[in-house]
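Peer 1: Give me a 3D structure for the following:
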Amino acid sequence: QNHMSTSAEDRIRELAFGPKPASARVPLPGHKNILITSALPYVNNVPHLGNIIGCVLSADVYSRYCKLRGYNALYVCGTDEYGTATETKALQEGLTPRQICDKYHAIHKQVYEWFGIDFDMFGRTTTEWQTRISQDIFRHIQDRGFVSQDEMEQLFCEKDQKFLADRFVEGTCPNCAFADARGDQCDSCGKLLNPSELINPRCKICSSRPVPKKTRHLFLELPQLSERLESWVNSVSSNWTSNSVNITKSWLTKGLEKRCITRDLKWGTPVPLDGFTDKVFYVWFDAPIGYISITANYTDQWERWWKNPAENDVRLVQFMGKDNVPFHTVIFPSSLLATGEDWTLLSELSTTEYLNYEGGKFSKSRGTGVFGDQAATTGISPDVWRYYLLANRPELADADMNWDDLKLRNNSELADNLGNFINRALKFAQTSFGNRVPALDRESITETEQKLEAAVNEQLELYIQKLEKSNIKEGIKIAMAISKLGNQYLQDCKPWVLVKENIQRCGVVIATAISLSKLLALLVWPYMPFLSANVLYNQLNIVRDGYPSLPTEFKLPFVPSNHLLGDPQPLFRKISDDEIKALRVRFGGEAAAAGEPFPLDLRVGVVSSVENHPEADNLYILKVSFGDSERTVVAGVRAHYTPEALAGRQVVVCCNLKPTKFKGVNSEGMLLAASKNDKIVLLVPTAAAAGDKLTLTGYANPDAKAPKFDGKKVKSLPFEITSDGLKFKGVPFAAGAGSITVKEEGDWNGAKIY
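Peer 2: Below is the predicted model:
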């Protein structure tokens, strides 16, 4: 992949996404109709590698496998967009909830496209179909007596005149005394909380102290549904992963309690019941309904997928992380059972444990770990990322993303095993057989080829067995084992000797290796689609005719004799120790220990409010949001920017300066700007989100315990601005998936940075 031209790469990227049918997929009589979903990612953040392997990537492998086998499979997913988290994010970034959803839906879509996730439909939950179907399901549940009403005591902000959802309340954690704990959880100690437990609670919007107040809500009567739910669980859970079963059985054993399904919010699906029209459905009641509404946005025949599954012969297979299990095995099926209609219920469930980052957790705010929008900037191809995550998939226990392990797997398993075998075979055909497949038929094969066929078919049968049960990690191990058989076959047959002594026999060996290369390309199609498309349609020069098809038996010849091949190129490049060292520093966050320390803690923020300083005509008082926190920054840019030009603008803020007062107002940071010819412009990221930390390859982040930096000394640091963006000692800064630059037109090369 690294040796192709841009046009060739674009063609391979297009071919790696399977051909779409002329019309929407619908269940077909006499076919295996498989409905595949992956947990809907929250729209209010950028997914990290653990999120990606936990849902969309795992489901993509299974979907690609099903289509490779000729099954009628439909893979739907989309962003989960309603709820408190979205309102909170909108408040932090100074945007409306709709703007937040539009912004992050596009980011998610771009991330998944880069990773090669081949959805049939990637939608969203903020649609008319979502409202119609959610309200219809609720009405059926209500009519059948499974909805009750009750009062709850909730914190109410008298200043804003609204009940505060969990995340709109902050205060001191009763467990560890962290001053900025949220109403649902403390980010410092991790303890789950209720807003009423916080010491000195405050409204996140206006900082005033809320008061407890009664509010009436709707509840799903799970106890009335527990018997039929448990009966259903017992009938299907043999097809679930063990962690899914354990989590579900734990809920059932403890006994189900009625669960609140409404919230005092504006951003959500409206409740269609008198007395509750000012409320919306709780996101975990209507979010799973998103699978149905996204399908409805895909085809007007959506009910054939989601109703009367026995009649339509539909099987529902779902993929998710373990934290989502109870909502999919208890809440969602209970809701559907309560309607009394014949909905398609979960048949098979594949659940992962957690993927950690080098012994710790992924954290966007601390710059720890690789997030989806950053993967493309690492120089590592999407296929290598896919392979590493899938080979390391946390199926039975938590797994760890480790840079040394990634390098080892890439260099030994991909480059030396799989890539080496395919490239040797094709390169030999190019140099010794005119770039055509040598002659091979059943009469010319020997006992050696027969033994290879038998060994490969044994593994192929096992591969199919594992993938049928969505044992994804085992599947890729088997594919790599077949590649090892191919390498051993070449070593035993020694075609480099045969080419001088027995050219006909040499041709049989090379043709056999080319046939096995085609099989390998098909086996890795679900795992490494770009590599597969490259081998099949570029290097093997096979004309695409519909979706690729995996046979149940490997029989020579698998590529016809005299077939003209393409141009063989190395499939993988080796990753060096220096690369790994630099990547570990770049994504090590505050814990990075390697490299020369960089003195500033630079982060991307969004200006959420602008006020004129009452005592200084050249100063603004800004509120800058970093996603999960906010700072006051006094900035001397009043002569260069209007308040309207600053509001909602992304900026770069130095966050570890000594606190400074400007005319009585304390400033908690400094905006990074460029100055040239008496004009000042603010630096901006090209592709980053609020809270993203600026990183510098080869440099460690400043020690959190180090003394605060003197803001007056920032001017003396060796910054420079070029057409490539902001640099330090010639090394470019990175933030999110992009760089740091100047948005305003003009020649800013050589500008002073301060």
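Peer 1: Export only the CA atoms of stretch 23-34, formatted as CSV.
Peer 2: Below are the C-alpha coordinates for stretch 23-34, written out as CSV (Å, rounded to 0.1, in the frame of the first residue of the first chain):
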residue,chain,number,x,y,z
SER,A,23,-31.7,-1.6,-4.6
ALA,A,24,-31.9,-1.7,-0.8
ARG,A,25,-31.3,-5.1,0.7
VAL,A,26,-34.5,-6.9,2.0
PRO,A,27,-34.9,-10.4,3.4
LEU,A,28,-35.1,-13.0,0.7
PRO,A,29,-36.9,-16.3,0.9
GLY,A,30,-34.6,-19.3,1.1
HIS,A,31,-31.5,-17.2,2.0
LYS,A,32,-29.6,-16.6,5.2
ASN,A,33,-31.0,-13.1,6.1
ILE,A,34,-28.7,-11.7,8.8
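Peer 1: Tell me the buried residues in that stretch?
Peer 2: Residues of stretch 23-34 classed as buried: 25-27, 33-34 (neighbour count, 16 or more other CB atoms under 10 Å). For glycine as for every other residue, the C-beta is placed from the backbone atoms N, C-alpha and C.
Peer 1: with those residues in mind, which one is nearest to Arg69?
Peer 2: Lowest distance from Arg69 to the buried residues of stretch 23-34 (CB to CB) belongs to Ile34, with 10.0 Å.
Peer 1: Tell me the first helix or strand C-terminal of the one helix or strand in the chain whose mean pLDDT sits lowest.
Peer 2: In the chain, no helix or strand scores lower on mean pLDDT, DSSP states H and E than strand 596-597, which sits at a mean of 66. Next in sequence after strand 596-597, counting helices and strands by DSSP states H and E, comes strand 602-612.
Peer 1: mind saving the C-alpha coords of that following strand as PDB?
Peer 2: C-alpha atoms of strand 602-612 as PDB (Å, rounded to 0.1, in the frame of the first residue of the first chain):
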ATOM      1  CA  LEU A 602      -0.900  23.700  24.700                       C
ATOM      2  CA  ARG A 603      -4.500  22.700  24.200                       C
ATOM      3  CA  VAL A 604      -7.300  23.400  21.700                       C
ATOM      4  CA  GLY A 605     -10.200  25.300  23.200                       C
ATOM      5  CA  VAL A 606     -13.500  26.900  21.900                       C
ATOM      6  CA  VAL A 607     -14.400  30.500  22.900                       C
ATOM      7  CA  SER A 608     -17.800  30.200  24.500                       C
ATOM      8  CA  SER A 609     -18.300  33.800  25.600                       C
ATOM      9  CA  VAL A 610     -16.700  37.200  25.100                       C
ATOM     10  CA  GLU A 611     -16.900  40.300  27.300                       C
ATOM     11  CA  ASN A 612     -15.200  43.600  27.200                       C
END
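Peer 1: so what does it touch, helix or strand wise?
Peer 2: helix 84-93, strand 620-625, helix 643-646, strand 650-654 (3 or more CB pairs under 8 Å, 6 or more residues apart in numbering; DSSP states H and E).
Peer 1: Could you check the pLDDT of Thr6?
Peer 2: pLDDT recorded at Thr6 is 61.
Peer 1: And Leu536, by the same measure?
Peer 2: According to the model, Leu536 scores 97 on pLDDT.
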